[in-house]
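Q: Predicted model and sequence below, questions to follow.
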Amino acid sequence: MSTPPTPTTDPTTDATTGAAARKRVLLHVGTPKTGTSYLQDVLFRNREVLRGHGILYPADRFDGHFLAALDLMRLTWGGLETQAVGAWDRLAEQVRAWPGTSIISHEILSTASPTQVDRALTSFGEGVEVHVIVSVRDLVRQVPAEWQENVKHRSLVSYAHFLEMIRDPARDTRIGSWFWGAQEIPDILDRWGAILPPEQVHLVTVPRPGAAPDELWRRFSHAFGLDGIDLDLTPERANPSLGVPETALLRLVNKRVTPVVDPPDYRPLVRELLAHQTLSRRTGSARLGLPPDTHEWVQELSRSWVAEVEKRGYDVVGDLADLVGAPSGTFVDPDTAPAEDLLPAALDAITALLVEGSRLREVEANLARELEETRHELVLARRSNAERAVQALEARPAGRRALGIYRRVRGRHY
């Protein structure tokens, strides 16, 4: 394991030599479902603390690096791409202006093409030492997690069909192409590490199930040179997994709501309220795994990846053995989940929607009351202004004559 880039308290000076510090960019490019949401939450909430240690996390909103990645890769994403125009160039400009270490992190960068990688690396300017960090997890957990992510993004594809598409050697479907672009570790390293020395390419392996709860953060901290910095690690954001009946229910919901719920409404109502805030809290249901034949194929592929990475000499934070997943347990098929298994999750979902509906009705009532109060105050203000205008006119002879004419014409008396 190599020594990670070490920040200093002064971004312009190396603490050990007193010489000018090298500009560094720590570019974390994924992969998805490897603790990235938690990592990005910690980095975003501790931006000021990090700056005090010579580290820039250039973001003025939590999803700033996501928008920059969309811009870099010219991806469409349910309308969010309109907010992303120019985001990568703005981020790169901040990095160029910062004299010390900068951190960039988003998991969809794992799918970038060689041309997009070249644009990203050259955008930081000359004389910058770039380190690419790739966080990786065993395919035994990644395959079902990726299908769940598809479901949480409105997908109607069954689990069986999803497995067929990712096992198809042609990889010419949208799902197959995206999956391997985001998950095939040697290929991601080829694209992002092609022009970098091996010691500037770092793999952070996600610990196996049963590891200490803070082990993944300790690995991230070491890879990013954050050891010894007092950061607020209170979890606020995460991207939790769902159980088998919960995912099956969500796919059924997608079939009903896709024609009638627009993408901007789907994200807060279905993905956030139902999936993340409600269904993910049902931890007692069966976890999604792999069918036996798929499990064997995944294990064989993972071992070949480990052998390939070992030959390349990258810096590994963790253990490459973590990439060979655990033995397969009892497989519960989400495509054939019976209705009685879905009922408890459905009741929780209905309850959550009713609570949210009640909250929104209260918000609507408060807004209606505030609007009525505003209208009443406006009427009073207009009446008061009119009375003051009449008083001003009556104070002058010319004004009194004008009022007399107006009253005769209008047939009104004040």
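A: Sure, I can see it.

Q: you'd agree Q142 is up against K33?
A: Yes - counting by CB atoms under 8 Å, K33 is a contact partner of Q142 at 6.1 Å. The C-beta positions use only the backbone N, C-alpha and C, and glycine is treated the same way.

Q: SS state for P169?
A: coil (DSSP: H, G, I helix; E, B strand; the rest coil).

Q: I104 too?
A: I104 ends up strand, using three-state DSSP.

Q: Repeat that for A349.
A: Of the three states, A349 takes helix under three-state DSSP.

Q: how about the strands in the chain?
A: Per DSSP state E, the chain has strands spanning 24-28, 55-56, 101-105, 129-136, 201-205, 315-317. These are given in chain order.

Q: Direction included, what does the shortest one pair against?
A: Strand 55-56 has the following strand partners under DSSP bridges: strand 101-105 (parallel).

Q: tell me the angle the strand it pairs with makes with strand 129-136.
A: Here the directions of strand 101-105 and strand 129-136 differ by 30 degrees (axes from the mean of the first three to the mean of the last three CA atoms, to 10 degrees).

Q: and the angle for strand 101-105 with strand 24-28?
A: Relative orientation of strand 101-105 versus strand 24-28 (the same axes, to 10 degrees): 10 degrees.

Q: what's strand 101-105 in contact with?
A: 5, 7, 11, 23-28, 36, 39-40, 43, 50, 54-58, 65, 68, 91, 94-95, 124, 224-225 (CB atoms under 8 Å, 6 or more residues apart in numbering).

Q: tally of neighbours for P114?
A: Using other CB atoms under 10 Å, the number of residues around P114 comes to 11.

Q: cool, V379 as well?
A: 10.

Q: before we move on, back to that, whichever of the contacts of strand 101-105 end up buried, select them in ChimeraX.
A: Selection of buried members from the contacts of strand 101-105 for ChimeraX, criterion 16 or more other CB atoms under 10 Å:
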select :5,7,11,23,24,25,26,27,28,36,39,40,43,50,54,55,56,57,58,65,68,91,95,124,224,225
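
Q: I'd like to know which of the contacts of strand 101-105 are part of helices.
A: 36, 39-40, 43, 50, 65, 68, 91, 94-95 (DSSP state H).

Q: Among those, pick out the one closest to V363, please.
A: Minimum distance to V363 across the ones in helices among the contacts of strand 101-105 is 29.4 Å, recorded for Q40 (CB to CB).

Q: what residues are up against A223?
A: Neighbouring residues of A223 by CB under 8 Å, 6+ apart: 4, 133, 202, 204, 317.

Q: CSV please, covering those and showing distance to T111.
A: Formatted as CSV, these follow (distance: CB to CB, whole Å):
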residue, distance to T111
P4, 25
I133, 16
H202, 19
V204, 18
V317, 22
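
Q: Other residues contacting stretch 121-135?
A: Under the contact criterion CB under 8 Å, 6+ apart, stretch 121-135 has outside partners 5, 22-31, 34-36, 39, 88-89, 92, 95-96, 102, 110, 185, 188-189, 192-193, 195-196, 200-206, 220, 223-224.

Q: Before I go, just wanted to say thanks for your time.
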